[in-house]
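Engineer: the sequence and its predicted three-dimensional model are supplied below.
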Amino acid sequence: MTYWTLTESDIDRIAIGVGILGTGGGGSPYLQMLIAKQLLREGKRIRMIRPADLDPNAQIIGLGGIGAPTVSIEKMEEGFEGVRVLKAIEAHTGRKVDAVLGDEVGGGNGIYPMITAAHLDLPVVDADGMGRAFPEVQMTSFFAYGQASQPAALSDADGNTLVITQAKTPQMLEKLMRTATVAMGCTACMTTAPMTGDFVRRFGIAHTTSQAWTLGDAVIRAREAKTDPIAAILAEAGGTFLMTGKVTDIGRRIDGGFVRGTLTVAGLGADAGRTLVIDIQNEYLVATEGDKRIAMVPDLICIVDSETGRPIGTEEQRYGLRVAILSLPAPALLRTDVALALMGPRAFGYDFDFVPLGQSTEPAPVAAYLAGQAVHSNP
Amino acid sequence: MTGMLRIGVDVGGTNTDAALLRGTKVLATIKTGTTADVTSGVAAAIRAVLLAAQVSPGDVSGVMIGTTHFLNAVVEGKRLERVGTLRLCGAATRSLPPMIDWPDRLRQLVDGGAALVGGGVNFDGTPIAPLDTAAIRAACRTWRAQGVASVAISAVFAQVDSRMEVQAAAIVAEEIPDVAVSLSHRIGRTGLLARESATILNASLHRLGAETVGAFRAAFAGLGLTCPLYLTQNDGTLMSADFAERHPVFTIASGPTNSMRGAAFLTGLSDAVVVDVGGTTTDVGMLVAGFPRNRSEGAVIGGIPTNFRVPDVFSFGLGGGSLVLSGPPLAIGPASVGFRLPEKALCFGGDTLTATDIAVAAGLVTLGDPSRVRNLDAALVKAALAKMKADLETVIDRMKPSADPVPAILVGGGSVMIDGGLLAGTSVSLRPDHFGSANAIGAAIAQVSGEVDRVVALEGTTREKALEGIVAEARLRAVEAGANPNSLQIAELEETPLSYLPGNAVRIAAKVVGDLAL
């Protein structure tokens, strides 16, 4: 079995990459990055495994934080929430968990499962269910292709742990979990139903941690070489450059627990005279120019600082920021009819159908898997 | 503040500036060298400005000092105190111990041990765990035995309910005689780790704060000043010397704010781009409604991430001491002769071609001996002036919120080098009287503020009521800080909905400012 054993410098790269893949949501990965690096310093290890290398019968669970990022920067994790959730599922199913993954690679949840994996010395699968960030539990390729709605579990920092033994639909599961999270102080760790290795191989979005690493590495190398980080991101991710500009308006409102609003960006330089309007529902959802929709969910709309490539979340957008707007193609698994029903424009209340931008490509696993050891790109 | 005599002092890395104002009229400004001990330079500047204006020290109503002294202490890692850190958190937050993101060197200097104990509340005010008084006493006894005399206390969601921090402080005071305690709810905003770091920094600067303020007081007595002393803080507003003694960390990023506020005062403009050209660098920032526009991320101080709001300022290497290399290609800065300008520049008889020499040769300013630069190639002088202007215009364009032209205010001693009238992208380019002392004038006219930042659950209340309550509390804090209640205005009101949650909760941040009641 070949593993990719992460180093602190790998975590730095992944933290930038999951920020870009967060499409404005998912919360900042900063604190998760600190925790993961601290665990490595204490001698724990974080090993990534390719989905293709999974035993088809392995039992795998997805782990992630659920709640409000604004709360989780104040009441941070105790650290063993994921361990409790995992043990609860093991007790409920009577089977050991063989590996973990993140349902959501975008934002802090892109690093989250690594914490539990380090504590229990379990491998982390280099795959997720979104290839980006989404606001609701059921918005994954796993649910689109038949993951069960139960059992699922939640645990908070105080040790309160809940197993949901039956939810009639994934949407009901989302509702139950969200409500329990509020009771837990608005921040908790969650898992959904265990999956087999075979299921993850077929319906997981492969190599998204590798993709995050590659994006972060491109940004860091561009900064060091003082070359354009935007060009580096596009070269690695095969995306479409939409515009460089300045934020001229940001309107936000709270609506049913979700931040909704629009962001207006006026073009600069070669894009002078153009205006892009981005719809926000926690993430950047739809980019419109005049009366033409040029990119839309589930394709990724990523907004980064145009100078540094630093990803900018919806909550930190403000008048005057200089940004580059990119679109990365959604994974092929999210562009099918069943997936679009859960994660396409209509799932977010729009009355139009998905129009793809660019070709879906599967990200390559990092070279470190071949070497069977860590990549050290920094001395 | 009509008729009141106020002295503003800005202590920079190279120069200490002082300005004496009567009401809104600038009576005198002075520039002296910054001294290693800071205090003697400040005293010399105050003495000189009193003399220049022929004002008796007893007639002065207030002195306002902006200083980078405490920032230097952190950056150099000198004279910092060891701190015991108390976190009231229950089981929560333990995956991220205090000081986890500090540079090793500073952590080793400051870390006096941490205790994570029962306490803290959730965002809705419900307790996470009861306050563990026994654990607090046990931690204190260890610290006392180790000679730790400064303690930083941070509770989860202390901005929602600060009572546990206050109770813990009382216990610490019982256990450790003469302890200095810093409480996080008075220091920072939402975001425990960053607020806790700022609180620890404050605690580590406690002794230096007391000494520095004490030295200022002694110097004042020596000068015959009997008025109150204030220090300018990160957002450009004032705190009393008593408060500053206990909160030295609030001065730590106050640098650029004073000159931006001074620029607004000298021109009467409230929305403009401010260009402050010093000896080594040029700082460009935006004034919005009379206050500097802030960065969206918190300040990083000596490598430590905090959540202090600081002005969004772009600094680049253009100043009076910038080296000019004729090339080709022509290059100006970022290397600079800095404070050695009076010996190095050609116009002062030195051997180095500086940006100041270009300005003297072009007749923009008379300094030193102009005949020494008379033979400079006229084409070079012209090209260098054009380049300085073009470099500045690029930065201005970067800082502007839109393509629409904005007024530009040029301040700082080096701004005389920016020639050629209107800068591109600006509607008007002003260099007001006293432009060289805008920083000290900004300190002299500084206001006082009150700030509140809190997550509010909107169950059983309305958004309007919640906003009203927060603003009222910020007003109260401003008055406590010394503001005239009749002069209060809202400087900042931010409302951020909490995402990914049903049940409407919002984070509200309010800042109220007012004139100092003297």
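Structural biologist: Here it is on my side, so go on.
Engineer: centre-most residue in chain B?
Structural biologist: B:Ser254 (1.0 Å; Cα atoms, centre = their mean).
Engineer: give me the neighbour count for the nearest residue to that residue once chain neighbours are set aside.
Structural biologist: Distances taken as Cβ to Cβ, 6 or more residues apart in numbering or on different chains place B:Thr232 nearest to B:Ser254, at 4.9 Å, with adjacent residues excluded. The way it works is simple: take the backbone N, C-alpha and C, and place the C-beta from them, glycine included. A count of neighbours around B:Thr232, defined by other Cβ atoms under 10 Å in any protein chain shown, yields 29.
Engineer: coming back round to it: my guess is the residue nearest to the centre of chain B contacts B:Ile65. True?
Structural biologist: No: shown here, B:Ser254 and B:Ile65 do not form a contact pair, counting by Cβ atoms under 8 Å, at 9.8 Å.
Engineer: shared neighbours of those two, anything?
Structural biologist: Jointly contacting B:Ser254 and B:Ile65 under the rule Cβ atoms under 8 Å, 6 or more residues apart in numbering or on different chains are B:231-232.
Engineer: residue contacts, B:Gly460?
Structural biologist: Neighbours of B:Gly460 in contact, by Cβ under 8 Å, 6+ apart: none.
Engineer: and it, helix, strand or coil?
Structural biologist: coil (DSSP: H, G, I helix; E, B strand; the rest coil).
Engineer: if I look at it, how far off is B:Thr190?
Structural biologist: Computed as Cβ to Cβ, to the nearest Å, the B:Gly460 to B:Thr190 distance reads 21 Å.
Engineer: what of B:Ala53?
Structural biologist: B:Ala53 is 45 Å from B:Thr190, by Cβ to Cβ.
Engineer: and whichever strand or helix holds A:Asp217, what does it pack onto?
Structural biologist: A:Asp217 is part of helix A:208-225, with elements assigned from DSSP states H and E. If contacts are counted by 3 or more Cβ pairs under 8 Å, 6 or more residues apart in numbering or on different chains; DSSP states H and E, helix A:208-225 sits against helix A:8-21, strand A:127-128, helix A:229-237.
Engineer: 7 Å instead?
Structural biologist: Counting contacts by 3 or more Cβ pairs under 7 Å, 6 or more residues apart in numbering or on different chains; DSSP states H and E, helix A:208-225 is packed against helix A:8-21, helix A:229-237.
Engineer: outside of the helix or strand where B:Val63 lies, which residues touch it?
Structural biologist: Element membership of B:Val63, judged by DSSP H and E, is strand B:62-67. Contacting residues not belonging to strand B:62-67 are listed as B:6-11, B:38, B:42, B:46, B:216, B:225, B:227-232, B:238, B:251, B:254, B:258, B:439, B:443-444, B:446, B:516, B:518 [Cβ atoms under 7 Å, 6 or more residues apart in numbering or on different chains].
Engineer: 8 Å instead, please
Structural biologist: B:4, B:6-11, B:38, B:42, B:46, B:212, B:216, B:220, B:225, B:227-232, B:238, B:251, B:254-255, B:258, B:439, B:442-444, B:446, B:516, B:518.
Engineer: same thing with stretch A:308-316?
Structural biologist: The contact list for stretch A:308-316 (Cβ under 8 Å, 6+ apart) reads A:16, A:19-20, A:22, A:24-28, A:69-70, A:107, A:219, A:222-223, A:229-230, A:232-233, A:252, A:259, A:261, A:263, A:280, A:282-284, A:302-305, A:321, A:323, B:296-297, B:496, B:499.
Engineer: kindly report the same for stretch A:88-97.
Structural biologist: Outside of stretch A:88-97, the residues within contact range by Cβ under 8 Å, 6+ apart are A:59-61, A:86, A:122, A:151, A:153, A:155, A:161, A:163, A:165, A:191, A:194.
Engineer: try it again at 10 Å.
Structural biologist: A:58-61, A:63, A:85-87, A:116, A:120, A:122, A:150-155, A:161-165, A:191-194 (Cβ atoms under 10 Å, 6 or more residues apart in numbering or on different chains).
Engineer: which of the residues you listed are buried?
Structural biologist: Neighbour counting with 16 or more other Cβ atoms under 10 Å in any protein chain shown marks A:58-61, A:63, A:85-87, A:116, A:122, A:150-155, A:161-164, A:191-194 as buried within the contacts of stretch A:88-97.
Engineer: so which residues of the stretch 51-200 of chain A form helices?
Structural biologist: Secondary structure of the stretch 51-200 of chain A (DSSP state H, counting those that start in this stretch): helices at A:69-72, A:81-93, A:112-120, A:141-144, A:170-183, A:197-203.
Engineer: now those in a markdown table, with distance to A:Glu316?
Structural biologist: Putting the helices of the stretch 51-200 of chain A into a markdown table (distance: least, Cβ to Cβ, whole Å) gives the following:
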| stretch | distance to A:Glu316 |
| --- | --- |
| helix A:69-72 | 11 |
| helix A:81-93 | 26 |
| helix A:112-120 | 20 |
| helix A:141-144 | 28 |
| helix A:170-183 | 23 |
| helix A:197-203 | 33 |
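Engineer: now tabulate those helices in TSV and tack on mean pLDDT.
Structural biologist: Listed next are the helices of the stretch 51-200 of chain A as TSV, based on pLDDT from 0 to 100:
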stretch	mean pLDDT
helix A:69-72	86
helix A:81-93	98
helix A:112-120	98
helix A:141-144	98
helix A:170-183	93
helix A:197-203	98
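Engineer: wait, which of those helices is closest to B:Gln167?
Structural biologist: Counting by Cβ to Cβ, B:Gln167 lies closest to helix A:69-72 out of the helices of the stretch 51-200 of chain A; the figure is 23.5 Å.
Engineer: the closest one close to chain B?
Structural biologist: Yes: using Cβ under 10 Å from any Cβ of the partner chain, helix A:69-72 reaches chain B at A:69-72.
Engineer: show me the contacts for B:Met4.
Structural biologist: B:21-24, B:59-62, B:227, B:516, B:518.
Engineer: out of those residues, name the ones that lie in strands.
Structural biologist: B:21-22, B:62 (DSSP state E).
Engineer: sorry, back to before: which stretch in the helices and strands packed on helix A:208-225 has the least confidence?
Structural biologist: Among these, helix A:229-237 has the lowest mean pLDDT, at a mean of 89.
Engineer: who does that one touch, helix- and strand-wise?
Structural biologist: helix A:8-21, helix A:208-225, strand A:240-255, strand A:300-305, strand A:322-328 (3 or more Cβ pairs under 10 Å, 6 or more residues apart in numbering or on different chains; DSSP states H and E).
Engineer: just the angle between the longest one and strand A:322-328, please?
Structural biologist: Our comparison of helix A:208-225 with strand A:322-328, counting by axes from the mean of the first three to the mean of the last three Cα atoms, to 10 degrees, yields an angle of 140 degrees.
Engineer: what is the burial count for the closest residue to B:Leu488 other than its chain neighbours?
Structural biologist: Excluding its sequence neighbours, the residue lying closest to B:Leu488 (Cβ to Cβ, 6+ apart) is B:Gly514, at 4.2 Å. Residues lying near B:Gly514 (other Cβ under 10 Å) number 23.
Engineer: wouldn't B:Gly514 be in contact with B:Leu476 here?
Structural biologist: No: B:Gly514 lies out of contact with B:Leu476 (Cβ atoms under 10 Å); the separation is 11.6 Å.
Engineer: between these two, which contacts overlap?
Structural biologist: With Cβ under 10 Å, 6+ apart as the test, B:Gly514 and B:Leu476 both reach B:450, B:485.
Engineer: any low-confidence regions in the chain?
Structural biologist: Because you didn't say which chain, this covers chain A. Scanning chain A for pLDDT under 70 picks out A:1, A:253-259, A:371-379.
Engineer: actually, chain B is the one I wanted.
Structural biologist: Counting by pLDDT under 70, chain B contains low-confidence ranges at B:1-2, B:255, B:420, B:497-504.
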